[in-house]
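Asks: Using only what follows, build the 3D model:
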Amino acid sequence: MLLGCGILRKEVEYLIRKNGWSLDTDWLDSALHIDLEALAAALQSGIQRNRGREVVVLYGCCHPRMDDMLTDAQLIRTQGQNCVEILLGHETFMRELEAGTFFLLEDWALRWDEVIGKTFGGKPEVVKEIFALTSTSLLCLRTPCSGDYTQAANAAGEKVGLPVRWMDVGLEHLEAVLKQAMQQARTGTTR
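Replies: Below you'll find the predicted structure:
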């Protein structure tokens, strides 16, 4: 069983089919990241729904108590501080992060106002100011499973006043991280 953030749902479901993995999935809404209480409640609910099963949790350190919750439930989490690092790998992720990159995946681009706008109380001037202080560009990650979200990405870039860049990303790193976590779950080992 895989309990995970829906941000990489299409990519993971592709890998499940490609590899013939016998792996049920339980997806949580990627917008939960903007409300830590809701994220914790959804994770706890997912843990309860899947109690007694071998579960791999596809999340980074997206909640301050993430590892404590999973340790208490004796569950394995994928390695990486967030879904972007899990997808890109540590070196690429850190290089872009150090350059001031804000990473954008299709799901959040298509739901920009819901995810980002809600985070800052629907105040576009606050959103723009915060992004100007913290980021130098929006880097849109295009996987083999992505649809065309160019229009949504460009609209997000305009809203925050940042240039939009694109990076084509394979699924090799995500696949390796998932394989490692599934192996750890099977053997009962933790990091």
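
Asks: can you pull the buried residues of stretch 136-146?
Replies: Neighbour-count burial for stretch 136-146 flags 137, 138, 139, 140, 141, 142, 143, 146 (criterion: 16 or more other C-beta atoms under 10 Å). Glycine gets a C-beta too; all of them are placed from N, C-alpha and C.

Asks: Which of the helices or strands spans residue 166?
Replies: strand 164-168 (DSSP states H and E).

Asks: Now do the strands in this structure.
Replies: In the chain, the segments counted as strands under DSSP state E are 2-5, 25-28, 56-58, 76-77, 101-104, 137-142, 164-168.

Asks: Can I get the ones you listed in TSV including distance to residue 87?
Replies: Formatted as TSV, the strands of the chain follow (distance: least, C-beta to C-beta, whole Å):
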stretch	distance to residue 87
strand 2-5	11
strand 25-28	16
strand 56-58	11
strand 76-77	15
strand 101-104	9
strand 137-142	7
strand 164-168	10
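
Asks: and the residue nearest to residue 28 when sequence neighbours are not counted, how many neighbours does it have?
Replies: Take residue 28 and drop its neighbours on the chain: the residue closest to it by C-beta to C-beta, 6 or more residues apart in numbering is residue 42, 4.9 Å away. Look at residue 42: counted by other C-beta atoms under 10 Å, it has 17 neighbours.
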